[in-house]
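Asks: how would this look folded up:
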Amino acid sequence: MSRYIELHPDNPQTRLVAKVVDTLKDGGLVAYPTDSGYALACAPGNKDGLDRIRTIRQLDAKHNFTFICADFAQAGPLAIVGNNAFRLIKRLTPGPWTFILKGTKEVPRMTLNPKKHTLGVRIPDHAITQALVAQFGEPLLSSTLIRPGSTEPETDGWQIQDSLGHLLDVVIEGPVGQARSTTVVDLTDDVPEVLREGAGDVSLL
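Replies: Down below sits the predicted model:
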């Protein structure tokens, strides 16, 4: 059964965040709250963590995994970003958006879409998420925690602990910003294409 850790929504306790980060660096899988429901995270390059996310979510090989970043500077080495995409991402983040971009050679190939070589980039507006990424020191590999057969993400840490705790290493209890998935925008051609409408207001595009 996973460790259950409750973090302060505005000022996450550094000591507890450090424990979660240690778990991530040791190859663990974590469920954590964001500004758009719960998500799963592991360290980049953690193949076992990646496979566990695929199993829990029943994902196919075409899924675009997302890198959770503290800011745009952290996202820069991961993705190829044109001028229009750069301006749009800077304007909309932090917030409940996932941007699909071409990955760079710095990104482990196993985390990319095998045909398009794309990935998701996300900069959440959420204190707990930001604290995790900041203390981890690099982007986290992540995927929204949407159960098979559902269309919206999980929103309650206790329910995740009860039903999925045996498949996870840590479940963080904390409030989510919205109980909706992120809005996913494809920017691989530098022109926005909405792939999924969610918490991000598409009128802002």
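
Asks: just the strands in this protein please.
Replies: Chain-ordered strands for the chain, with DSSP state E as the definition, fall at 3-6, 30-34, 37-42, 66-68, 79-80, 97-103, 118-122, 140-144, 170-173, 183-186, 193-196.

Asks: and the fifth one, how far from the chain's centre?
Replies: It stands for strand 79-80. Centroid separation for strand 79-80 versus its chain: 17 Å, with CA atoms, centre = their mean, to the nearest Å.

Asks: below-threshold pLDDT in this structure: ranges please.
Replies: Residues of the chain meeting the criterion pLDDT under 70: none.

Asks: quick test: name the residue nearest the centre of it.
Replies: Among the residues of the chain, the smallest C-alpha distance to the mean C-alpha position (CA atoms, centre = their mean) belongs to residue 142, namely 3.7 Å.

Asks: how much space between that residue and residue 97?
Replies: Distance, residue 142 to residue 97, using CB to CB, to the nearest Å: 14 Å. For the C-beta atoms, the positions are set from N, CA and C on the backbone; glycine is no exception.

Asks: overlap in contacts of the two?
Replies: Taking CB atoms under 8 Å, 6 or more residues apart in numbering as the criterion, residue 142 and residue 97 both touch residue 122.

Asks: residue 198 touches residue 184, doesn't it?
Replies: Yes. With contact defined as CB atoms under 8 Å, residue 198 counts as touching residue 184 (7.2 Å).

Asks: contact partners for residue 31?
Replies: Contacts for residue 31 (CB under 8 Å, 6+ apart) come out as 2, 38-41, 145, 154, 157, 160, 164, 168, 170-172.

Asks: and those, which is closest to residue 189?
Replies: Checking those against residue 189 by CB to CB gives residue 39 as the nearest, at 26.4 Å.
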